[in-house]
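**Student:** Let's see this in three dimensions:
(one chain, ligands or ions: 1)
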Amino acid sequence: MKKVITYGTYDLFHVGHLNIIKRAKELGDYLIVAVSSDKFNEIKGKKCAIPDNERMEIVKAIKYVDEVISEDSWDQKIEDIKKYDIDVFVMGDDWKGKFDFLKEYCEVVYLSRTPDISTTKIKKELKLK
Ligand code: C2G
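**Tutor:** You can find the predicted model right below:
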């Protein structure tokens, strides 16, 4: 069984998030999505509109997703890849090159981002702070 993993905040879930999850699943048979906890988002300097438990619930409900885990630190990826026996690590290409160090543990794939949609854009349009 080919296992795939991807990481993200998935705040104000939108079609860009759905596209990368769908395409990540197409690269294997089993997809794990690591969703950033509120605690970790503070470290990332990201203020979420939606709390982590709800962001995880939404991602869990997506038919392409087999398992959801919490992302609590930048450096849990190697441990996750070993712990979950991951074959493919996937991220949007806004991260291109940033995770090449994982190549000694699994395949690293950067997929093109969906244009013209982002959580920041949605917040701006809704005039959220
Ligand atoms: N994404 C995309 N197209 C968009 C917006 C996002 O393909 N229009 C992808 C991103 O490239 C990422 C995933 O959707 O792979 C989740 O995006 P975010 O929720 O913004 O996650 P991010 O803040 O990039 O956190 O350790 C990695 C971090 O947790 C990634």
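**Student:** so what's the closest residue to the ligand within the chain up against?
**Tutor:** Minimum separation of the chain from the ligand (Cβ to the nearest ligand atom) falls at Gly92, amounting to 1.7 Å. Any C-beta I mention is one placed from the backbone N, CA and C, and that applies to glycine too. Applying Cβ atoms under 8 Å, 6 or more residues apart in numbering, we find Gly92 in contact with Gly16, Ile20, Tyr110, Leu111, Ser112, Arg113.
**Student:** List only buried entries from those residues.
**Tutor:** Burial by neighbour count, 16 or more other Cβ atoms under 10 Å: within the contacts of Gly92 this picks out Gly16, Ile20, Tyr110, Leu111, Arg113.
**Student:** which one among those gets closest to Lys47?
**Tutor:** Closest approach to Lys47 among the buried ones among the contacts of Gly92 (Cβ to Cβ): Gly16, at 18.9 Å.
**Student:** ok, back up a step: and the contacts of Gly92 near the ligand, which?
**Tutor:** Gly16, Ile20, Arg113 (Cβ under 6 Å from any ligand atom).
**Student:** Retrieve the pLDDT associated with the first one.
**Tutor:** On the pLDDT scale, Gly16 is placed at 98.
**Student:** So which bits of the protein are right by the ligand?
**Tutor:** Residues of the chain lying close to the ligand (Cβ under 6 Å from any ligand atom) are 7-10, 16-17, 19-20, 36, 71, 91-92, 94, 113-114, 117-118.
**Student:** pLDDT below threshold where in the protein?
**Tutor:** Scanning the chain for pLDDT under 70 picks out the ranges 128-129.
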